[in-house]
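S.K.: Fold the following for me, if possible:
(chains A and B)
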Amino acid sequence: MIPRLGIAAAWAGLIALDFTGLGPWMVAQPMVCGPLFGWLMGQLAVGVILGGIVQLLWIDVTPVGVGIPYDSTAVTVLAVYWAALPVHSSLSQIVLALFIAVPFGFLFRVMDFYARRVNTLIARGIEKVQDESLPAALSFGILGGLIWTWVRYAGTYAISMWAGQKLWSYLAYSPRMTWKDQGLTMAVIMLPVAGMGVALELLLLEDPEGRLTSLRYFKFSKDKESE
Amino acid sequence: MIFTLLSTYFRSFFVQTLWNFERLQNVGFAFGVAPLLKRPNDSRTAYQEALRRHMAFFNTHPYFAPIVMGVVYSKEAARQKQFKGEDPTLTVLKDSMGGAFGAIGDHVIWGTWRPFCAIMALSVGMLVAYPLAGNGQQKTLFDSASARICAQWWVGGFLGIFNSVHLWLRWRGLQKAVHDGPLVVRWVQSLHLQAWAAQIRRIGLLLLVIMVMVYFARWTSSEMLLWMIAVLLGTVIMKRWGAPSFVLFYLVCGVSVAMTLLGIHWP
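M.R.: Numbers count the residues shown, from 1 in each chain, chains lettered A, B, ... in the order given. Model (predicted):
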(Lines give C-alpha, C1' and ligand atoms only; values in the text may rest on other atoms or scores of the structure.)
Protein backbone atom coordinates (compact mmCIF):
# COMPACT_ATOMS: atom_id res chain seq x y z
CA MET A 1 0.00 0.00 0.00
CA ILE A 2 2.72 2.47 0.97
CA PRO A 3 4.76 2.13 -2.27
CA ARG A 4 1.60 2.55 -4.34
CA LEU A 5 0.56 5.59 -2.33
CA GLY A 6 4.04 7.10 -2.56
CA ILE A 7 4.28 6.60 -6.31
CA ALA A 8 0.76 7.96 -6.83
CA ALA A 9 1.48 11.05 -4.70
CA ALA A 10 4.75 11.66 -6.57
CA TRP A 11 2.97 11.55 -9.94
CA ALA A 12 0.15 13.72 -8.62
CA GLY A 13 2.74 16.26 -7.46
CA LEU A 14 4.22 16.34 -10.96
CA ILE A 15 0.78 16.92 -12.49
CA ALA A 16 0.21 19.78 -10.03
CA LEU A 17 3.34 21.55 -11.34
CA ASP A 18 1.19 22.49 -14.33
CA PHE A 19 -0.80 24.99 -12.22
CA THR A 20 1.83 27.62 -11.61
CA GLY A 21 5.12 25.75 -11.54
CA LEU A 22 5.71 25.23 -15.24
CA GLY A 23 3.48 26.24 -18.12
CA PRO A 24 0.53 25.97 -17.73
CA TRP A 25 0.19 23.33 -20.45
CA MET A 26 -3.29 22.20 -19.30
CA VAL A 27 -2.05 18.77 -18.22
CA ALA A 28 -3.77 19.47 -14.89
CA GLN A 29 -7.18 19.81 -16.55
CA PRO A 30 -9.43 16.99 -15.25
CA MET A 31 -10.11 15.56 -18.72
CA VAL A 32 -6.34 15.17 -19.21
CA CYS A 33 -5.09 14.30 -15.74
CA GLY A 34 -8.04 11.92 -15.11
CA PRO A 35 -7.25 9.48 -17.94
CA LEU A 36 -3.52 9.99 -17.39
CA PHE A 37 -3.69 9.19 -13.69
CA GLY A 38 -6.19 6.38 -14.31
CA TRP A 39 -3.76 4.83 -16.75
CA LEU A 40 -0.92 5.17 -14.23
CA MET A 41 -3.09 3.48 -11.59
CA GLY A 42 -4.01 0.70 -14.02
CA GLN A 43 -7.65 1.72 -14.56
CA LEU A 44 -8.01 3.97 -17.55
CA ALA A 45 -11.82 3.73 -17.70
CA VAL A 46 -12.12 5.07 -14.14
CA GLY A 47 -9.95 8.04 -15.08
CA VAL A 48 -12.01 8.73 -18.20
CA ILE A 49 -15.33 8.64 -16.33
CA LEU A 50 -14.16 10.83 -13.46
CA GLY A 51 -12.12 13.19 -15.64
CA GLY A 52 -15.06 13.79 -17.96
CA ILE A 53 -17.54 14.44 -15.15
CA VAL A 54 -15.25 16.80 -13.22
CA GLN A 55 -14.18 18.65 -16.37
CA LEU A 56 -17.78 19.41 -17.31
CA LEU A 57 -19.01 20.25 -13.80
CA TRP A 58 -16.07 22.56 -13.03
CA ILE A 59 -15.48 23.88 -16.55
CA ASP A 60 -16.08 27.45 -15.35
CA VAL A 61 -13.34 27.38 -12.72
CA THR A 62 -10.51 29.59 -13.89
CA PRO A 63 -7.61 31.35 -12.17
CA VAL A 64 -8.92 34.86 -12.89
CA GLY A 65 -6.66 37.66 -11.70
CA VAL A 66 -4.96 36.91 -8.40
CA GLY A 67 -7.67 34.51 -7.18
CA ILE A 68 -6.78 30.94 -6.29
CA PRO A 69 -9.38 28.67 -7.90
CA TYR A 70 -11.09 25.59 -6.52
CA ASP A 71 -8.75 22.66 -7.16
CA SER A 72 -10.68 20.39 -9.52
CA THR A 73 -7.42 18.62 -10.41
CA ALA A 74 -7.03 17.42 -6.82
CA VAL A 75 -10.64 16.22 -6.85
CA THR A 76 -10.01 14.20 -10.01
CA VAL A 77 -6.69 12.74 -8.93
CA LEU A 78 -7.91 11.72 -5.46
CA ALA A 79 -11.15 10.24 -6.78
CA VAL A 80 -9.26 8.23 -9.42
CA TYR A 81 -6.80 7.00 -6.81
CA TRP A 82 -9.51 5.71 -4.47
CA ALA A 83 -11.74 4.31 -7.20
CA ALA A 84 -8.78 2.48 -8.74
CA LEU A 85 -7.90 0.70 -5.49
CA PRO A 86 -9.77 -2.54 -6.34
CA VAL A 87 -9.17 -4.42 -9.59
CA HIS A 88 -12.65 -3.59 -10.77
CA SER A 89 -14.79 -0.79 -9.34
CA SER A 90 -18.52 -0.53 -9.76
CA LEU A 91 -20.05 2.72 -11.03
CA SER A 92 -21.39 3.50 -7.56
CA GLN A 93 -17.91 3.07 -6.06
CA ILE A 94 -16.51 5.46 -8.66
CA VAL A 95 -19.09 8.14 -7.79
CA LEU A 96 -18.54 7.49 -4.09
CA ALA A 97 -14.85 8.29 -4.58
CA LEU A 98 -15.84 11.59 -6.22
CA PHE A 99 -18.34 12.22 -3.42
CA ILE A 100 -15.52 12.03 -0.87
CA ALA A 101 -13.01 13.91 -3.05
CA VAL A 102 -15.06 17.08 -3.66
CA PRO A 103 -14.30 18.76 -0.28
CA PHE A 104 -10.60 18.18 -0.88
CA GLY A 105 -10.77 20.75 -3.68
CA PHE A 106 -11.26 23.40 -0.98
CA LEU A 107 -8.54 21.91 1.21
CA PHE A 108 -6.01 22.10 -1.61
CA ARG A 109 -6.97 25.70 -2.28
CA VAL A 110 -6.29 26.61 1.34
CA MET A 111 -2.98 24.74 1.15
CA ASP A 112 -2.06 26.65 -2.01
CA PHE A 113 -2.92 29.95 -0.34
CA TYR A 114 -0.56 29.33 2.57
CA ALA A 115 2.12 27.89 0.28
CA ARG A 116 2.14 31.13 -1.69
CA ARG A 117 3.03 32.91 1.52
CA VAL A 118 6.17 30.80 1.56
CA ASN A 119 6.75 31.94 -2.02
CA THR A 120 6.65 35.50 -0.67
CA LEU A 121 9.45 34.65 1.77
CA ILE A 122 11.55 33.09 -1.03
CA ALA A 123 10.93 36.13 -3.24
CA ARG A 124 11.97 38.48 -0.42
CA GLY A 125 15.15 36.44 0.00
CA ILE A 126 15.95 36.83 -3.71
CA GLU A 127 15.31 40.58 -3.57
CA LYS A 128 17.75 40.96 -0.69
CA VAL A 129 20.79 39.52 -2.48
CA GLN A 130 23.51 41.74 -3.89
CA ASP A 131 23.24 42.87 -7.51
CA GLU A 132 26.09 40.63 -8.66
CA SER A 133 24.38 37.54 -7.24
CA LEU A 134 20.92 38.38 -8.57
CA PRO A 135 21.02 36.33 -11.84
CA ALA A 136 22.11 33.20 -9.95
CA ALA A 137 19.60 33.88 -7.15
CA LEU A 138 16.79 34.07 -9.70
CA SER A 139 17.75 30.71 -11.23
CA PHE A 140 18.05 29.03 -7.83
CA GLY A 141 14.81 30.69 -6.71
CA ILE A 142 12.90 29.30 -9.68
CA LEU A 143 14.41 25.84 -9.13
CA GLY A 144 13.57 26.08 -5.43
CA GLY A 145 10.05 27.18 -6.29
CA LEU A 146 9.58 24.15 -8.56
CA ILE A 147 10.86 21.75 -5.89
CA TRP A 148 8.76 23.43 -3.21
CA THR A 149 5.63 23.19 -5.39
CA TRP A 150 6.22 19.50 -6.06
CA VAL A 151 7.00 18.69 -2.42
CA ARG A 152 3.96 20.45 -0.99
CA TYR A 153 1.57 18.96 -3.52
CA ALA A 154 3.04 15.45 -3.28
CA GLY A 155 2.90 15.67 0.53
CA THR A 156 -0.68 16.93 0.63
CA TYR A 157 -1.71 14.30 -1.90
CA ALA A 158 -0.07 11.54 0.14
CA ILE A 159 -1.90 12.57 3.33
CA SER A 160 -5.22 13.07 1.52
CA MET A 161 -4.95 9.74 -0.31
CA TRP A 162 -4.23 7.90 2.91
CA ALA A 163 -7.05 9.58 4.85
CA GLY A 164 -9.67 9.25 2.13
CA GLN A 165 -8.72 5.66 1.42
CA LYS A 166 -9.94 4.58 4.87
CA LEU A 167 -13.27 6.34 4.46
CA TRP A 168 -13.79 5.15 0.89
CA SER A 169 -12.96 1.53 1.76
CA TYR A 170 -15.41 1.59 4.67
CA LEU A 171 -18.28 3.08 2.67
CA ALA A 172 -17.61 1.23 -0.58
CA TYR A 173 -17.79 -2.20 1.02
CA SER A 174 -20.49 -1.53 3.60
CA PRO A 175 -23.10 -4.25 2.99
CA ARG A 176 -25.90 -2.34 4.74
CA MET A 177 -25.87 0.47 2.21
CA THR A 178 -27.31 -1.03 -0.97
CA TRP A 179 -29.62 1.99 -1.33
CA LYS A 180 -26.51 4.12 -1.69
CA ASP A 181 -25.15 1.87 -4.48
CA GLN A 182 -28.37 2.06 -6.46
CA GLY A 183 -28.65 5.81 -5.99
CA LEU A 184 -25.06 6.59 -6.93
CA THR A 185 -25.26 4.31 -9.98
CA MET A 186 -28.11 6.46 -11.23
CA ALA A 187 -26.21 9.61 -10.29
CA VAL A 188 -23.38 8.62 -12.62
CA ILE A 189 -25.81 8.92 -15.55
CA MET A 190 -27.08 12.32 -14.46
CA LEU A 191 -23.77 13.95 -13.46
CA PRO A 192 -22.54 14.35 -17.07
CA VAL A 193 -25.92 15.92 -17.89
CA ALA A 194 -25.50 18.38 -15.02
CA GLY A 195 -21.97 19.07 -16.30
CA MET A 196 -23.30 19.79 -19.77
CA GLY A 197 -25.72 22.23 -18.13
CA VAL A 198 -22.80 24.04 -16.49
CA ALA A 199 -20.96 24.22 -19.83
CA LEU A 200 -24.12 25.41 -21.58
CA GLU A 201 -24.61 28.19 -19.09
CA LEU A 202 -20.95 29.23 -19.40
CA LEU A 203 -21.14 29.51 -23.18
CA LEU A 204 -24.38 31.46 -22.98
CA LEU A 205 -22.76 34.04 -20.70
CA GLU A 206 -21.72 37.34 -22.25
CA ASP A 207 -18.67 37.74 -20.03
CA PRO A 208 -17.36 34.32 -18.98
CA GLU A 209 -14.56 35.68 -16.86
CA GLY A 210 -17.07 37.93 -15.10
CA ARG A 211 -18.37 35.04 -13.09
CA LEU A 212 -15.14 34.89 -11.11
CA THR A 213 -15.93 31.50 -9.70
CA SER A 214 -12.50 31.40 -8.19
CA LEU A 215 -13.04 34.59 -6.23
CA ARG A 216 -16.64 34.27 -5.20
CA TYR A 217 -16.39 32.01 -2.20
CA PHE A 218 -12.92 32.50 -0.85
CA LYS A 219 -11.34 35.73 -1.92
CA PHE A 220 -7.72 34.78 -1.50
CA SER A 221 -6.24 37.89 -2.95
CA LYS A 222 -3.79 40.60 -2.15
CA ASP A 223 -6.58 42.52 -0.40
CA LYS A 224 -7.13 39.70 2.06
CA GLU A 225 -3.42 39.38 2.59
CA SER A 226 -3.17 43.01 3.59
CA GLU A 227 -6.08 42.81 6.05
CA MET B 1 19.46 36.86 -31.35
CA ILE B 2 17.55 33.64 -31.99
CA PHE B 3 19.18 31.89 -29.03
CA THR B 4 18.33 34.83 -26.78
CA LEU B 5 14.73 34.68 -27.94
CA LEU B 6 14.60 30.91 -27.44
CA SER B 7 16.06 31.29 -23.97
CA THR B 8 13.46 33.91 -23.02
CA TYR B 9 10.72 31.80 -24.60
CA PHE B 10 11.73 28.78 -22.54
CA ARG B 11 12.09 30.83 -19.35
CA SER B 12 8.69 32.46 -19.83
CA PHE B 13 7.07 29.14 -18.88
CA PHE B 14 8.31 29.73 -15.34
CA VAL B 15 6.71 33.17 -14.98
CA GLN B 16 4.34 31.98 -12.24
CA THR B 17 6.65 29.55 -10.42
CA LEU B 18 7.30 31.93 -7.53
CA TRP B 19 3.93 33.70 -7.64
CA ASN B 20 3.68 35.60 -4.37
CA PHE B 21 1.23 37.93 -2.67
CA GLU B 22 3.57 40.93 -2.53
CA ARG B 23 4.79 41.37 -6.10
CA LEU B 24 2.95 38.53 -7.87
CA GLN B 25 5.03 37.43 -10.90
CA ASN B 26 8.07 39.65 -10.31
CA VAL B 27 10.61 36.84 -9.85
CA GLY B 28 9.34 34.88 -12.85
CA PHE B 29 9.35 37.99 -15.01
CA ALA B 30 12.90 38.94 -14.06
CA PHE B 31 14.03 35.35 -14.65
CA GLY B 32 12.38 35.33 -18.08
CA VAL B 33 13.58 38.72 -19.27
CA ALA B 34 17.18 38.20 -18.06
CA PRO B 35 18.62 36.86 -21.38
CA LEU B 36 17.07 39.78 -23.26
CA LEU B 37 18.42 42.34 -20.80
CA LYS B 38 21.98 41.10 -21.35
CA ARG B 39 22.01 42.31 -24.96
CA PRO B 40 21.48 46.06 -24.69
CA ASN B 41 23.35 46.41 -21.39
CA ASP B 42 26.98 46.11 -22.41
CA SER B 43 28.49 46.15 -18.93
CA ARG B 44 27.82 43.55 -16.26
CA THR B 45 26.84 46.25 -13.75
CA ALA B 46 24.33 47.81 -16.15
CA TYR B 47 22.78 44.38 -16.75
CA GLN B 48 22.49 43.66 -13.03
CA GLU B 49 20.95 47.07 -12.39
CA ALA B 50 18.45 46.53 -15.19
CA LEU B 51 17.57 43.13 -13.76
CA ARG B 52 17.03 44.72 -10.34
CA ARG B 53 14.66 47.29 -11.86
CA HIS B 54 12.49 44.48 -13.22
CA MET B 55 12.09 42.84 -9.83
CA ALA B 56 9.19 45.26 -9.20
CA PHE B 57 5.52 44.26 -9.07
CA PHE B 58 4.30 42.54 -12.20
CA ASN B 59 1.21 40.58 -13.15
CA THR B 60 -0.31 39.49 -16.41
CA HIS B 61 -1.77 36.45 -18.12
CA PRO B 62 1.10 33.94 -18.37
CA TYR B 63 0.68 33.47 -22.14
CA PHE B 64 1.08 37.21 -22.74
CA ALA B 65 4.13 37.60 -20.49
CA PRO B 66 6.63 37.08 -23.38
CA ILE B 67 5.06 40.05 -25.19
CA VAL B 68 5.75 42.31 -22.21
CA MET B 69 9.28 40.87 -21.96
CA GLY B 70 9.86 41.75 -25.61
CA VAL B 71 8.57 45.29 -25.10
CA VAL B 72 10.85 45.71 -22.07
CA TYR B 73 13.83 44.63 -24.19
CA SER B 74 12.89 47.07 -26.93
CA LYS B 75 12.57 49.98 -24.49
CA GLU B 76 15.81 49.07 -22.67
CA ALA B 77 17.66 48.93 -26.00
CA ALA B 78 16.26 52.33 -27.00
CA ARG B 79 17.22 53.77 -23.63
CA GLN B 80 20.82 52.60 -24.05
CA LYS B 81 21.03 54.30 -27.42
CA GLN B 82 19.49 57.59 -26.35
CA PHE B 83 20.58 58.10 -22.74
CA LYS B 84 21.98 56.01 -19.94
CA GLY B 85 19.61 57.14 -17.21
CA GLU B 86 16.58 55.33 -15.86
CA ASP B 87 13.42 55.49 -17.95
CA PRO B 88 10.44 56.17 -15.63
CA THR B 89 7.93 55.49 -18.39
CA LEU B 90 9.06 51.87 -18.68
CA THR B 91 7.56 50.83 -15.34
CA VAL B 92 4.26 52.52 -16.17
CA LEU B 93 4.23 50.90 -19.60
CA LYS B 94 5.04 47.48 -18.17
CA ASP B 95 2.27 47.72 -15.56
CA SER B 96 -0.36 49.00 -17.96
CA MET B 97 0.46 46.38 -20.60
CA GLY B 98 0.48 43.64 -17.97
CA GLY B 99 -2.95 44.68 -16.72
CA ALA B 100 -4.45 44.97 -20.20
CA PHE B 101 -3.06 41.65 -21.41
CA GLY B 102 -4.16 40.05 -18.17
CA ALA B 103 -7.76 41.07 -18.84
CA ILE B 104 -7.59 39.94 -22.48
CA GLY B 105 -6.05 36.62 -21.47
CA ASP B 106 -8.67 35.97 -18.80
CA HIS B 107 -11.47 36.56 -21.29
CA VAL B 108 -10.04 34.99 -24.43
CA ILE B 109 -7.85 32.18 -23.09
CA TRP B 110 -9.41 31.13 -19.78
CA GLY B 111 -12.99 32.18 -20.49
CA THR B 112 -13.30 31.07 -24.11
CA TRP B 113 -10.43 29.12 -25.66
CA ARG B 114 -9.95 26.64 -22.80
CA PRO B 115 -13.66 25.70 -22.42
CA PHE B 116 -13.99 25.52 -26.21
CA CYS B 117 -11.04 23.12 -26.56
CA ALA B 118 -12.40 21.04 -23.68
CA ILE B 119 -15.88 20.81 -25.21
CA MET B 120 -14.48 20.05 -28.65
CA ALA B 121 -12.22 17.25 -27.38
CA LEU B 122 -14.97 15.88 -25.11
CA SER B 123 -17.59 15.83 -27.87
CA VAL B 124 -15.28 14.36 -30.54
CA GLY B 125 -13.99 11.74 -28.10
CA MET B 126 -17.53 10.85 -27.14
CA LEU B 127 -18.68 10.63 -30.77
CA VAL B 128 -15.80 8.35 -31.68
CA ALA B 129 -15.86 6.18 -28.57
CA TYR B 130 -19.58 5.85 -27.90
CA PRO B 131 -20.43 3.48 -30.75
CA LEU B 132 -17.77 1.14 -29.35
CA ALA B 133 -19.06 1.26 -25.77
CA GLY B 134 -20.43 -1.89 -24.23
CA ASN B 135 -24.02 -2.73 -23.47
CA GLY B 136 -25.95 -2.89 -20.22
CA GLN B 137 -24.99 -0.69 -17.35
CA GLN B 138 -21.58 0.11 -18.81
CA LYS B 139 -23.23 1.80 -21.76
CA THR B 140 -23.96 4.70 -19.43
CA LEU B 141 -20.36 5.78 -19.82
CA PHE B 142 -17.45 3.73 -21.07
CA ASP B 143 -15.97 0.28 -20.95
CA SER B 144 -12.21 -0.27 -21.13
CA ALA B 145 -12.04 -0.49 -24.94
CA SER B 146 -13.98 2.69 -25.61
CA ALA B 147 -12.26 4.43 -22.68
CA ARG B 148 -8.90 3.93 -24.37
CA ILE B 149 -10.08 5.54 -27.59
CA CYS B 150 -11.82 8.31 -25.69
CA ALA B 151 -8.73 9.03 -23.57
CA GLN B 152 -6.59 9.32 -26.70
CA TRP B 153 -8.94 11.91 -28.18
CA TRP B 154 -9.36 13.80 -24.94
CA VAL B 155 -5.71 13.99 -24.00
CA GLY B 156 -4.25 14.29 -27.51
CA GLY B 157 -7.01 16.45 -28.93
CA PHE B 158 -7.29 18.86 -26.05
CA LEU B 159 -3.57 19.32 -25.45
CA GLY B 160 -2.83 19.49 -29.19
CA ILE B 161 -5.45 22.09 -30.09
CA PHE B 162 -5.06 24.21 -26.99
CA ASN B 163 -1.29 24.29 -26.96
CA SER B 164 -0.92 24.95 -30.68
CA VAL B 165 -2.45 28.39 -30.09
CA HIS B 166 -0.76 28.79 -26.70
CA LEU B 167 2.75 28.11 -27.99
CA TRP B 168 2.23 30.17 -31.14
CA LEU B 169 0.95 33.15 -29.13
CA ARG B 170 3.95 33.08 -26.83
CA TRP B 171 6.54 32.78 -29.62
CA ARG B 172 4.99 35.13 -32.16
CA GLY B 173 4.17 37.66 -29.46
CA LEU B 174 7.76 37.65 -28.23
CA GLN B 175 9.15 38.07 -31.74
CA LYS B 176 6.74 40.88 -32.58
CA ALA B 177 7.33 42.68 -29.29
CA VAL B 178 11.11 42.56 -29.67
CA HIS B 179 10.78 43.93 -33.20
CA ASP B 180 7.98 46.47 -32.76
CA GLY B 181 8.32 47.47 -29.11
CA PRO B 182 5.21 49.07 -27.59
CA LEU B 183 3.62 49.12 -31.05
CA VAL B 184 3.06 45.39 -30.62
CA VAL B 185 -0.38 46.37 -29.34
CA ARG B 186 -1.30 47.01 -32.99
CA TRP B 187 -0.43 43.41 -33.78
CA VAL B 188 -2.53 42.21 -30.83
CA GLN B 189 -5.39 44.41 -32.06
CA SER B 190 -5.02 42.97 -35.58
CA LEU B 191 -5.64 39.49 -34.18
CA HIS B 192 -9.24 40.54 -33.40
CA LEU B 193 -9.23 38.29 -30.35
CA GLN B 194 -12.59 39.55 -29.03
CA ALA B 195 -14.31 38.85 -32.36
CA TRP B 196 -12.70 35.43 -32.57
CA ALA B 197 -13.79 34.69 -29.01
CA ALA B 198 -17.42 35.42 -29.92
CA GLN B 199 -17.24 33.10 -32.93
CA ILE B 200 -15.50 30.38 -30.95
CA ARG B 201 -18.22 30.51 -28.31
CA ARG B 202 -20.88 29.99 -30.97
CA ILE B 203 -19.06 26.98 -32.40
CA GLY B 204 -18.57 25.67 -28.86
CA LEU B 205 -22.28 25.99 -28.22
CA LEU B 206 -23.03 24.02 -31.38
CA LEU B 207 -20.59 21.26 -30.36
CA LEU B 208 -22.13 21.14 -26.92
CA VAL B 209 -25.63 20.73 -28.36
CA ILE B 210 -24.34 17.83 -30.49
CA MET B 211 -22.75 16.29 -27.40
CA VAL B 212 -26.01 16.61 -25.45
CA MET B 213 -27.95 14.97 -28.30
CA VAL B 214 -25.48 12.09 -28.61
CA TYR B 215 -25.59 11.48 -24.87
CA PHE B 216 -29.37 11.68 -24.67
CA ALA B 217 -29.78 9.38 -27.69
CA ARG B 218 -28.35 6.49 -25.68
CA TRP B 219 -31.59 6.22 -23.76
CA THR B 220 -34.77 5.24 -25.52
CA SER B 221 -37.05 5.60 -22.51
CA SER B 222 -39.07 8.82 -22.73
CA GLU B 223 -39.22 9.07 -18.92
CA MET B 224 -35.45 8.93 -18.73
CA LEU B 225 -35.20 11.65 -21.36
CA LEU B 226 -37.57 13.83 -19.37
CA TRP B 227 -35.43 13.39 -16.28
CA MET B 228 -32.33 14.32 -18.25
CA ILE B 229 -33.94 17.43 -19.70
CA ALA B 230 -35.04 18.41 -16.19
CA VAL B 231 -31.50 17.99 -14.84
CA LEU B 232 -30.01 19.94 -17.77
CA LEU B 233 -32.38 22.88 -17.50
CA GLY B 234 -32.28 22.80 -13.70
CA THR B 235 -28.48 23.04 -13.79
CA VAL B 236 -28.52 25.96 -16.21
CA ILE B 237 -31.03 27.86 -14.05
CA MET B 238 -29.22 27.12 -10.78
CA LYS B 239 -25.89 28.10 -12.27
CA ARG B 240 -27.39 31.34 -13.53
CA TRP B 241 -28.53 32.00 -9.97
CA GLY B 242 -24.96 31.54 -8.82
CA ALA B 243 -25.02 28.00 -7.43
CA PRO B 244 -21.49 26.59 -7.24
CA SER B 245 -20.66 23.32 -8.98
CA PHE B 246 -20.08 21.37 -5.78
CA VAL B 247 -23.67 22.14 -4.70
CA LEU B 248 -24.97 20.86 -8.04
CA PHE B 249 -22.86 17.73 -7.68
CA TYR B 250 -24.17 16.91 -4.20
CA LEU B 251 -27.69 17.81 -5.25
CA VAL B 252 -27.65 15.34 -8.15
CA CYS B 253 -26.14 12.62 -5.94
CA GLY B 254 -28.55 13.42 -3.09
CA VAL B 255 -31.66 13.37 -5.26
CA SER B 256 -30.57 10.07 -6.85
CA VAL B 257 -29.99 8.42 -3.48
CA ALA B 258 -33.15 9.93 -1.94
CA MET B 259 -35.29 8.61 -4.77
CA THR B 260 -33.85 5.15 -4.27
CA LEU B 261 -34.50 5.37 -0.52
CA LEU B 262 -38.10 6.41 -1.14
CA GLY B 263 -38.55 3.48 -3.47
CA ILE B 264 -38.91 5.66 -6.54
CA HIS B 265 -36.88 3.93 -9.22
CA TRP B 266 -35.41 5.75 -12.12
CA PRO B 267 -36.89 4.65 -15.43
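
S.K.: closest point of chain A to chain B, which residue?
M.R.: A:G197 (2.7 Å; C-beta to the nearest C-beta). For the C-beta atoms, the positions are set from N, CA and C on the backbone; glycine is no exception.

S.K.: ok, that residue touching B:M228?
M.R.: No: assessed by C-beta atoms under 8 Å, A:G197 is found out of contact with B:M228, at 10.1 Å.

S.K.: Could I get the buried residue list for the longest helix that chain A contains?
M.R.: Taking DSSP state H as the assignment, the helix of chain A that covers the most residues is helix A:134-172. Of the residues in helix A:134-172, A:134-135, A:137-138, A:141-142, A:144-146, A:148-150, A:152-154, A:156-158, A:160-161, A:164-165, A:168, A:172 count as buried by neighbour count, 16 or more other C-beta atoms under 10 Å in any protein chain shown.

S.K.: Following element in sequence after that helix, please.
M.R.: The C-terminal neighbour of helix A:134-172 among helices and strands, as given by DSSP states H and E, is helix A:178-204.

S.K.: just to revisit the earlier point, the buried residues of helix A:134-172 also near chain B: which ones?
M.R.: When contact is defined as C-beta under 8 Å from any C-beta of the partner chain, the buried residues of helix A:134-172 meet chain B at A:L134, A:P135, A:L138, A:G141, A:I142, A:G145, A:L146, A:T149.

S.K.: and B:F29, what pLDDT?
M.R.: The model reports B:F29 with a pLDDT of 94.

S.K.: again but with B:F216, I slipped
M.R.: On the pLDDT scale, B:F216 is placed at 87.

S.K.: For it, grab the count of nearby residues.
M.R.: 15 (other C-beta atoms under 10 Å in any protein chain shown).

S.K.: how about it, phi and psi?
M.R.: Main-chain torsions, B:F216, degrees, to the nearest 10: phi -70, psi -30.

S.K.: Distance check, B:L5 against B:H179.
M.R.: As judged by C-beta to C-beta, to the nearest Å, B:L5 and B:H179 stand 10 Å apart.

S.K.: out of those two, which sits in the more crowded spot?
M.R.: Applying other C-beta under 10 Å to B:L5 and B:H179 shows that B:L5 carries more neighbours, namely 19 against 12.

S.K.: Mind telling me what element the more buried one is part of?
M.R.: Counting by DSSP H and E, B:L5 is part of helix B:2-11.

S.K.: what's in contact with that helix?
M.R.: B:31-36, B:38-39, B:66, B:69-70, B:170-171, B:174-175, B:178 (C-beta atoms under 8 Å, 6 or more residues apart in numbering or on different chains).

S.K.: Would you mind giving the domain segments of chain B?
M.R.: B:2-96, B:220-267 (automatic domain parsing).

S.K.: List the residues that contact whichever residue of the stretch 151-267 of chain B sits closest to chain A.
M.R.: Per C-beta to the nearest C-beta, B:T235 is where the stretch 151-267 of chain B lies closest to chain A, at 2.7 Å. Neighbouring residues of B:T235 by C-beta under 8 Å, 6+ apart: A:V193, A:A194, A:M196, A:G197, A:V198, A:L200, A:E201, B:L248.

S.K.: what do you get for B:S12?
M.R.: B:G32, B:P62, B:A65, B:P66, B:M69, B:R170, B:L174.

S.K.: What is the nearest of these to chain A?
M.R.: B:P62 (6.7 Å).
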